[in-house]
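In: Sequence first, then the predicted structure:
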Amino acid sequence: MRSKKLGLWSVALAAGLASTLSPAWAIDWTGVWSGRAANGRMTEIAISGKKVQYWRSNGQDQPLARSSVGSQSVSIKHAEGASVTLKARKDGQADYIWQGTNGQSSTVLMSRR
């Protein structure tokens, strides 16, 4: 009986731990996300499933070194070193955070089209 209680307790503990480690909500990133920065620059990112299809700035394709699509964020590394993160918001939009190689940065509120 003691072994059975220990086993049930272990299962309950593992389930509780798993629920605290996984996000409370997730977003389906599939679609084209776009937004305009304060400086007028238009940014567009297309995602299909777990893959970034393209990243465009003012209509120009940006060369991707790598990218990853997660449940609450998307990370993109530009071939020349800049980094982009899209962070999901509970209102269905996303915060676009761009970090340049020389300390420059900008943020844009993006919506799915």
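Out: Right, received. Where do you want to start? It should be emphasised that the depicted structure is a prediction, and the values quoted were computed from it without experimental measurement.
In: which residues of the chain score low on pLDDT?
Out: Counting by pLDDT under 70, the chain has low-confidence residues at 1-24.
In: if we go to 80?
Out: Residues of the chain meeting the criterion pLDDT under 80: 1-25.
In: That one: helices as residue ranges?
Out: Secondary structure of the chain by DSSP state H: the helices cover 2-21.
In: In it, what residue spans correspond to strands?
Out: Under the criterion DSSP state E, strands of the chain are mapped to 31-36, 42-48, 51-57, 60-61, 64-69, 73-78, 83-88, 94-99, 105-112.
In: between those, which one is nearest to residue 25?
Out: strand 83-88 (8.1 Å; C-beta to C-beta). Just so you know, the C-beta spots here come from the backbone N, C-alpha and C atoms, and that holds for glycine as well.
In: by how many degrees do that closest one and strand 73-78 diverge?
Out: Orientation of strand 83-88 against strand 73-78 (axes from the mean of the first three to the mean of the last three C-alpha atoms, to 10 degrees) gives an angle of 160 degrees.
In: picking that back up, let me have the strands of the chain in CSV, adding mean neighbour count and distance to residue 25 as columns.
Out: Output for these, formatted as CSV (neighbours: other C-beta atoms under 10 Å; distance: least, C-beta to C-beta, whole Å):
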stretch, mean neighbour count, distance to residue 25
strand 31-36, 16, 17
strand 42-48, 18, 17
strand 51-57, 16, 21
strand 60-61, 8, 31
strand 64-69, 14, 16
strand 73-78, 18, 13
strand 83-88, 19, 8
strand 94-99, 18, 13
strand 105-112, 15, 16
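In: Centre-most residue in this structure?
Out: residue 73 (1.7 Å; C-alpha atoms, centre = their mean).
In: what's the spacing between the residue lying closest to it once chain neighbours are set aside and residue 68?
Out: Distances taken as C-beta to C-beta, 6 or more residues apart in numbering put residue 87 closest to residue 73, at 5.1 Å, once the chain neighbours are dropped. Applying C-beta to C-beta, to the nearest Å, one obtains 13 Å for the distance of residue 87 from residue 68.
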